[in-house]
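Chemist: sequence-free structure coming up:
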């Protein structure tokens, strides 16, 4: 019997320009202090820069970057007999996408370009080429899961 109620997930509206839910999630992750129009401008400027630099459709490039960043497996702590083990587990689809977008924005923030839209565009372009901070984070997550494969039998 679960200890908590089932979580009611809100359904996001698609963003006005690209009519895509992932872009809307990216805007909500970039959002600070409730200034959604500022976040929209940052994301749309970043996608315009991506389109200009890659000479491809920006939405396709963004979706490919998210696909490259998305982790497949992670370790979760499980307490068994007084010891805590890092048990590798598959990630649910919602969490995969939210982790990918969160890592993308986090590592874009850490970059040294002039403004946030340039940083975000650079991180997206790096993710397309399978390099950059967000890709390294995914690789580290996979390595941690691989290293703890011996504890996979504690999954339940």
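Modeler: That came through fine. Computed from a prediction, not measured in an experiment: that's the story for all the values here.
Chemist: In this structure residue 126 contacts residue 119, no?
Modeler: No - using CB atoms under 8 Å, residue 126 is not in contact with residue 119; the gap is 10.6 Å. C-beta: built from backbone N, CA, C; applies to glycine.
Chemist: any residues in contact with both of those two?
Modeler: Residues touching both residue 126 and residue 119 by CB atoms under 8 Å, 6 or more residues apart in numbering: none at all.
Chemist: Next one: the residue nearest the centre of the chain from residue 69, what distance?
Modeler: Centroid-nearest residue in the chain: residue 100, 1.4 Å away (criterion: CA atoms, centre = their mean). Separation of residue 100 from residue 69 (CB to CB, to the nearest Å) stands at 4 Å.
Chemist: which neighbours do these two share?
Modeler: Common neighbours of residue 100 and residue 69, using CB under 8 Å, 6+ apart, are 134, 138.
Chemist: Give the helix, strand or coil label for residue 26.
Modeler: Following DSSP: H, G, I helix; E, B strand; the rest coil, residue 26 is assigned to helix.
Chemist: Return the residues in contact with it.
Modeler: By CB under 8 Å, 6+ apart, the contact set of residue 26 is 43, 62, 101, 104, 105.
Chemist: which one among the residues you listed gets closest to residue 155?
Modeler: Lowest distance from residue 155 to the contacts of residue 26 (CB to CB) belongs to residue 101, with 26.0 Å.
Chemist: contacts for the helix or strand where that closest one lies?
Modeler: Assigned by DSSP states H and E, residue 101 falls within helix 93-109. Helix 93-109 is contacted by residues 9, 22, 25-26, 29-30, 65-66, 69-72, 74, 91, 116, 119-120, 122-124, 127, 132-134, 137-138 when judged by CB under 8 Å, 6+ apart.
Chemist: Could I get the buried residue list for the longest helix along the chain?
Modeler: Determined from DSSP state H, the single longest helix within the chain is helix 36-54. Neighbour-count burial for helix 36-54 flags 39, 40, 42, 43, 44, 45, 46, 47, 49, 50, 51, 54 (criterion: 16 or more other CB atoms under 10 Å).
Chemist: Could you do stretch 7-17 as well?
Modeler: residue 15.
Chemist: That one: how far from the chain's middle?
Modeler: 16 Å (CA atoms, centre = their mean, to the nearest Å).
Chemist: ditto for stretch 54-72
Modeler: A distance of 11 Å separates the centroid of the chain from that of stretch 54-72, by CA atoms, centre = their mean.
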